[in-house]
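S.K.: Kindly generate the corresponding structure for this input.
(one chain, ligands or ions: 1)
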Amino acid sequence: MTLIDPSTGERLRVGKVLCIGRNYARHAVEMGSTVPKRPVVFLKPSTAIVRTQGTVVLPEMTSNVHHEVELVAVIGPGGRSIREAEGLDHVAAYAVGLDMTARDLQSEAKKKGKPWSVAKGFDTFAPLGPLIHANEVADPQALTLSLKVNGTVRQHGHTGDMIFTVASLISYCSRIFTLEPGDLLYTGTPEGVGPVMPGDRLEAGCTGLPPLTVKVV
Ligand code: MG
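M.R.: As a prediction, the model looks like this:
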């Protein structure tokens, strides 16, 4: 899986797909979860990525797949133990993305203390919109996120409501994982998550970013 870095025009091989759970207080509440004191981090495989105009395939193993619209930061310069003040210097591009979640499998995993990898990692469970150069986003904490299902708005949020900012997430994650060019960071979803059905058309948007459209089958 490769992406074109909009700043250099070069191909970036997608590396780790880092995802943040419960990064908006009202989403934590709707999930019956507490608001975390530290970022909740999980990973998806790069094979979960599907680009705009693509298709999300509902797996047989689940009967309840939810949409979660999220701002995605694409890492350019890598590093480790990055200071929060320099966090955004490591972002090459932004995109809007969807963290598709098999909610039934995730709920079962949570109850049993098992990992979320299966609930989050199926093929096509990480739709990713077109990239725009990071310089075109003056402040990643000042963006409106939205998700429409078949033209009806289901999620509407603001990145200013993130519990942990993009810069602080990059700093935090880089203290665990060495960040490399082409790593992706899905920064969490605002409230309003809900199920998708075969035939649904999902349109994810974020201020100033090209939209992401996928069909569900
Ligand atoms: Mg999410």
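
S.K.: Every contact and neighbour count from this point should use C-alpha atoms.
M.R.: Noted.

S.K.: what comes up buried for stretch 98-107?
M.R.: Across stretch 98-107, burial judged by 16 or more other Cα atoms under 10 Å covers 98-106.

S.K.: For the residues you listed, give me TSV that also has pLDDT, secondary structure and distance to the ion.
M.R.: Shown next, in TSV, are those (pLDDT from 0 to 100; DSSP: H, G, I helix; E, B strand; the rest coil; distance: Cα to the ion, whole Å):
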residue	pLDDT	secondary structure	distance to the ion
98	98	strand	8
99	98	coil	5
100	98	coil	7
101	98	strand	8
102	98	strand	11
103	97	helix	11
104	98	helix	15
105	98	helix	14
106	97	helix	12
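
S.K.: Which member of those residues is positioned nearest residue 147?
M.R.: residue 98 (9.2 Å; Cα to Cα).

S.K.: who touches the closest one in this structure?
M.R.: 67-70, 125-128, 204 (Cα atoms under 8 Å, 6 or more residues apart in numbering).

S.K.: top of those by neighbour count?
M.R.: Per-residue neighbour counts (other Cα atoms under 10 Å) across those peak at residue 69, which has 34 neighbours.

S.K.: Could you check how far it is from residue 9?
M.R.: Using Cα to Cα, to the nearest Å, one obtains 26 Å as the distance from residue 69 to residue 9.

S.K.: residues near the residue of the chain at minimum distance from the ion, how many?
M.R.: Nearest residue of the chain to the ion (Cα to the ion) works out as residue 188 at 4.5 Å. Using other Cα under 10 Å, residue 188 is surrounded by 28 other residues.

S.K.: so it sits right up against residue 18, yeah?
M.R.: No. If you go by Cα atoms under 8 Å, residue 188 and residue 18 don't touch, sitting 10.3 Å apart.

S.K.: Bridge partners for the residue sitting nearest the centre point of the chain, pull those for me.
M.R.: Nearest to the mean C-alpha position of the chain, counting by Cα atoms, centre = their mean, stands residue 186 at 2.8 Å. Beta-bridge pairing for residue 186 (DSSP bridges): residue 19, residue 72.

S.K.: now do residue 96
M.R.: When bridges are called by DSSP bridges, residue 96 pairs up with residue 71.

S.K.: And it, how far from residue 16?
M.R.: Taking Cα to Cα, one finds residue 96 at 17 Å from residue 16.

S.K.: Tell me who's in contact with the nearest residue to residue 175 once chain neighbours are set aside.
M.R.: Leaving aside its chain neighbours, residue 175 sits nearest to residue 81 (4.6 Å; criterion: Cα to Cα, 6 or more residues apart in numbering). Applying Cα under 8 Å, 6+ apart to residue 81 gives the contacts 171-172, 174-175, 178.

S.K.: before we move on, which element is residue 81 in?
M.R.: Assigned by DSSP states H and E, residue 81 falls within no helix or strand.
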